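S.K.: model this:
(2 chains)
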Amino acid sequence: MAFEYAPAPESRSVVEIASSYGLFIDGEFREASDGKVFKSVSPSSEEVLSEVAQASAEDVDAAVKAARKAFEKWSTLPGSERAKYLFRIARIIQERSRELAVLETLDNGKPIRETRDADLPLVAAHFFYYAGWADKLSYAGFGPNPRPLGVAGQVIPWNFPLLMLAWKIAPALAAGNTVVLKPAETTPLSALFFADICRQAGLPKGVVNILTGDGSTGAALVAHEGIDKVAFTGSTAVGKQIARTVAGTDKKLTLELGGKGANIVFDDAPIDQAVEGIVNGIFFNQGQVCCAGSRLLVQESIQDELLDALKRRMSTLRVGDPLDKNTDIGAINSAEQLARITALADSGEAEGAERWAPACELPSHGYWFAPTLFTGVTQAHRIAREEIFGPVLSVLTFRTPAEAVAKANNSQYGLSAGIWTEKGSRMLAVADKLRAGVVWANTFNKFDPTSPFGGYKESGFGREGGRHGLEAYLAPSSPEGERK
Amino acid sequence: MADVTASEGTLRRFLHGLPGVDPVGLEARAATLGTRSIKTTAKAYAIDLAISMIDLTTLEGADTPGKVRALCGKALNPDPTDRGTPRTAAVCVYPDMVATAVEAVQGSDVKVASVATAFPAGRAALPVKLADTKDAVAAGAHEIDMVIDRGAFLSGRYLEVFEEIKAVKEVCGNARLKVIFETGELSTYDNIRRASWIGMLAGADFIKTSTGKVAVNATPANTLLMLEAVRDFRELTGVQVGVKPAGGIRTTKDAIKFLVLVNETVGEDWLDNHWFRFGASSLLNDLLMQRQKLSTGRYSGPDYVTVD
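M.R.: Residues are numbered from 1 along each chain as shown, chains lettered A, B, ... in the order given. Have a look, this model is predicted:
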């Protein structure tokens, strides 16, 4: 008899989702000015979770005005006072982490193991980390008395809804800015719960405003003239649009966009751990990670051995109900994303790469894609160049370290890379030559609030996290304010 | 594989050519598997499997025939309130207690394992170690748990370690040989991987983490590493080798974590007491209490399981 794991579902009863949610403007929830709403569905079951307001241009205006008004007081509070609010928010997040983890899993489709063990601990850690900076800004390396920028308009993606919110809001508030944040259309709920946490923490009205909506809301927000700073995480296509919108204004801009990370495995790598790193690199969050290790560059001499091990490991991945505590791979976030992944994977086959996926039964409802591997991929294939943003790994080979570096850098993106070798000198030499914002060595997809994150080339500019992350929300001190 | 062990040089080159182990990654993988949630029917299956995999052990200077007979009674009938409870795989004793144990378990499928080769330190001359082993085998031991010469290993005399295991294996006759590395003394994961290969190349039927007599004994990480070694060895040679974590596994929760490691690393071929064992003593009572809880819905207590 085989060792079959009985279902071990996390309880849904820890979270209460209302049937509808309004916009969070000036400390109050309110309906959209034109009364429009849209639905948020659970990607693993297609069940409608709630109805949320679709913010209009008028609502954007109201939110920006509220943030502007709140900025006057918030920016002049002593840093130690702002820190108190951020510490309080961090603690409430920890206290409510189980509830938020279940909510995030329901709304996003990712496994509870990830929201519980990765997303939520990192969310709290970000608020704790930037709370610590709030009264030390004069020592952050931006001059003796750096000033906040004003109102930040922030647009975040659906892959790590609450974590991306934390990356945006924590440094902005610590530096004395106020924010208007738009969560992704498919994952609005955790941001609305965060709005509730702001009220619970007694955060002054208008410091954080949350506007739910689709791309038109985001476009109205970044174009609004009352915004001093735009921060966006999402696709390179939308990032380019935003850059065009912002061009010619005095808005500061940071963009964190797509990626096509190379995970480079040398013949002297710790093989078993490299296999884990490859799996974690491309199947974490169903591969819907901008810094995913979506290109595996393996030294030709160990190709067979490594691929056998990788396939064996992929066969043990548990795909299914995201709320089951033993699930490794959950649902794709939306029908639209599933269609994109499917189309790109099909192009891989059409262009001659060899497709492999372990035998696994996918649920009949919801959006699902089996973990997939392509071998025989060359630099000329679409699946080696375009960001798939799904659980699809393209395997390429190399012969020498120089070739590995050349292939890894031969991409329009430059967000992440991984190096696997037991030889320290090789690790350092290769890391030095990779044009990627984050280079992991003998690990992958490790995040920490103290470490800056961001990209080169079409992966964007600006850094989030660490001391560097403050720079995006501060103006260096100068004799007299040259900004409004 | 014979050319690998042809000389000290070839063996060293082979062992140092094995893939390195990244400790952070290994421990992270073991920890992740430790978060598996094993409930209801899966838990019941795992508890019975774990009981059937125990080498119920007493290795004390104060051991007496009475104590050993009590231990054997427990192995044969772990839970007097439920005769359907599986028996343990074996009892594990010092060589001079083998005859007593063999008599006590006679007629059952419970095996008698004996430690040997100057357990636990292994600091004796080879003829003494061989005599120790022969003595246990002659007394009827079905299984021999030997210790490797950690001193020889740590000073790089790999061939000496190999030859010694081979010599012990030869005098084992039909008894299955478990080779104890004392992973806590080998200290690095690279060493544990190399020692595993030396043991398997020399003919070990089982590779075993520890004696239970040092500070660090079986851990999820070192057991995961040894499972990877037996998996790779079978792939290369077709020969299957068992794994026995020993020492420090005291709770049902711990035991289930180890079974998850087995399940997701080497799979069902090893989910059998012919291929996987727990070296433990207090673990059994915790498993029995959890088993009673599953069948009655209530926690009993230490007075509802037997002391041995």
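S.K.: Flag every residue of chain A that's near chain B.
M.R.: Residues of chain A found near chain B (Cβ under 8 Å from any Cβ of the partner chain) are A:1-8, A:113, A:117, A:268-273, A:276-277, A:316, A:325-326, A:422, A:442-443. Every C-beta, even on glycine, is put in place using the N, C-alpha and C of the backbone.
S.K.: Tell me how many other residues crowd the residue in chain A that chain B sits nearest to.
M.R.: Residue of chain A nearest chain B, by Cβ to the nearest Cβ: residue A:273 (3.1 Å). Using other Cβ atoms under 10 Å in any protein chain shown, residue A:273 has 25 other residues around it.
S.K.: now swap in residue A:399 and tell me
M.R.: By the criterion of other Cβ under 10 Å, residue A:399 has 10 neighbours.
S.K.: and residue B:243, helix, strand or coil?
M.R.: In three-state terms, and counting by DSSP: H, G, I helix; E, B strand; the rest coil, residue B:243 is strand.
S.K.: Next up, the contacts around the spatially closest residue to it that is not a sequence neighbour.
M.R.: The spatially closest residue to residue B:243, leaving aside those adjacent along the chain, is residue B:226, at 5.2 Å (Cβ to Cβ, 6 or more residues apart in numbering or on different chains). Contacts for residue B:226 (Cβ atoms under 8 Å, 6 or more residues apart in numbering or on different chains) come out as B:192, B:196, B:207, B:209, B:243, B:245.
S.K.: Do I have it right that residue B:120 meets residue B:213?
M.R.: Yes. Using Cβ atoms under 8 Å as the test, residue B:120 is close enough to residue B:213 to be in contact (4.3 Å).
S.K.: Which one's more surrounded, those two?
M.R.: When residue B:120 and residue B:213 are compared for neighbours, residue B:120 comes out ahead with 17 against 14, by other Cβ under 10 Å.
S.K.: before we move on, the earlier item: can you turn the buried part of the contacts of residue B:226 into a ChimeraX selection?
M.R.: Restricted to buried positions by 16 or more other Cβ atoms under 10 Å in any protein chain shown, the ChimeraX selection for those reads:
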select /B:192,196,207,209,243,245
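S.K.: Output the contacts of residue B:226 in JSON lines, with distance to residue A:404 and pLDDT appended to each entry.
M.R.: Putting these into JSON lines (distance: Cβ to Cβ, whole Å; pLDDT from 0 to 100) gives the following:
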{"residue": "B:192", "distance to residue A:404": "30", "pLDDT": "98"}
{"residue": "B:196", "distance to residue A:404": "31", "pLDDT": "98"}
{"residue": "B:207", "distance to residue A:404": "36", "pLDDT": "98"}
{"residue": "B:209", "distance to residue A:404": "37", "pLDDT": "98"}
{"residue": "B:243", "distance to residue A:404": "36", "pLDDT": "98"}
{"residue": "B:245", "distance to residue A:404": "38", "pLDDT": "98"}
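S.K.: Kindly indicate which of the contacts of residue B:226 lies nearest residue B:262.
M.R.: For these, the minimum distance to residue B:262 (Cβ to Cβ) is 7.6 Å, reached by residue B:243.
S.K.: The closest one and residue B:192: what is the separation?
M.R.: Separation of residue B:243 from residue B:192 (Cβ to Cβ, to the nearest Å): 12 Å.
S.K.: what do you get for residue B:48?
M.R.: On the measure of Cβ to Cβ, residue B:48 and residue B:192 end up 30 Å apart.
S.K.: doesn't the residue nearest to residue B:243 fall inside a helix?
M.R.: Yes. Assigned with three-state DSSP, residue B:226 falls within a helix.
S.K.: List the buried residues in stretch B:209-223.
M.R.: The neighbour-count check on stretch B:209-223 (16+ other Cβ under 10 Å) flags B:209, B:210, B:211, B:212, B:217, B:218, B:219, B:220, B:221, B:222, B:223 as buried.
S.K.: Outline the domain layout of chain A.
M.R.: A:13-257+A:459-475, A:262-448 (automatic domain parsing).
S.K.: can I get the buried residues of stretch B:209-223 in CSV with secondary structure and distance to residue B:162?
M.R.: Output for the buried residues of stretch B:209-223, formatted as CSV (DSSP: H, G, I helix; E, B strand; the rest coil; distance: Cβ to Cβ, whole Å):
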residue, secondary structure, distance to residue B:162
B:209, coil, 19
B:210, coil, 20
B:211, coil, 20
B:212, coil, 24
B:217, coil, 24
B:218, coil, 23
B:219, coil, 25
B:220, helix, 28
B:221, helix, 25
B:222, helix, 20
B:223, helix, 22
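S.K.: what's the closest of the residues you listed to chain A?
M.R.: Of all the buried residues of stretch B:209-223, residue B:221 has the smallest distance to chain A: 11.2 Å, by Cβ to the nearest Cβ.
S.K.: hang on, that closest one packs against residue B:27?
M.R.: Yes. Using Cβ under 8 Å, residue B:221 is in contact with residue B:27, at 4.7 Å.
S.K.: Show the pLDDT at the residue of chain A closest to chain B.
M.R.: On the pLDDT scale, residue A:273 is placed at 98.
S.K.: Let me see the contact set for the residue nearest to it when sequence neighbours are not counted.
M.R.: Of all residues not flanking residue A:273 in the chain, residue B:25 sits nearest, at 3.1 Å (Cβ to Cβ, 6+ apart). For residue B:25, the contacting residues are A:270, A:272, A:273, A:276, A:277, A:442, A:443, by Cβ under 8 Å, 6+ apart.
S.K.: Can you name the residue of chain B nearest to chain A?
M.R.: Evaluated by Cβ to the nearest Cβ, chain B has residue B:25 as its residue closest to chain A, separated by 3.1 Å.
S.K.: quick one: common contacting residues for residue B:120 and residue B:213?
M.R.: Residues touching both residue B:120 and residue B:213 (Cβ under 8 Å, 6+ apart): residue B:59.
S.K.: Got the confidence number for residue B:1?
M.R.: Here the pLDDT value assigned to residue B:1 is 82.
S.K.: Counting neighbours, what do you get for it?
M.R.: 12.
S.K.: Residue A:468 now?
M.R.: Residue A:468 is flanked by 17 other residues according to other Cβ under 10 Å.
S.K.: what do you get for residue B:117?
M.R.: Neighbours of residue B:117 under the rule other Cβ under 10 Å: 29.
S.K.: tell me the contacts of it?
M.R.: Shown in contact with residue B:117 (Cβ under 8 Å, 6+ apart): B:124, B:129, B:132, B:133, B:146, B:147, B:164, B:168.
S.K.: Turn the buried ones among these into a named PyMOL selection, would you?
M.R.: This is how PyMOL selects the buried members of the contacts of residue B:117, with burial counted by 16+ other Cβ under 10 Å:
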select buried, chain B and resi 129+132+133+146+147+164+168
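S.K.: Just say helix, strand or coil for residue B:80.
M.R.: Classification of residue B:80 using three-state DSSP returns coil.
S.K.: Tally up the residues packed near the residue nearest to it when sequence neighbours are not counted, please.
M.R.: Sequence neighbours aside, residue B:306 is the residue nearest to residue B:80 in space, at 6.5 Å (criterion: Cβ to Cβ, 6+ apart). With neighbours defined by other Cβ under 10 Å, the count for residue B:306 comes to 17.
S.K.: I'd guess residue B:306 is in a helix, am I close?
M.R.: No. Counting by three-state DSSP, one finds residue B:306 to be coil, located in no helix.
S.K.: tell me the phi and psi of it?
M.R.: Backbone torsions for residue B:306, taken as degrees, to the nearest 10, come to phi -90, psi 150.
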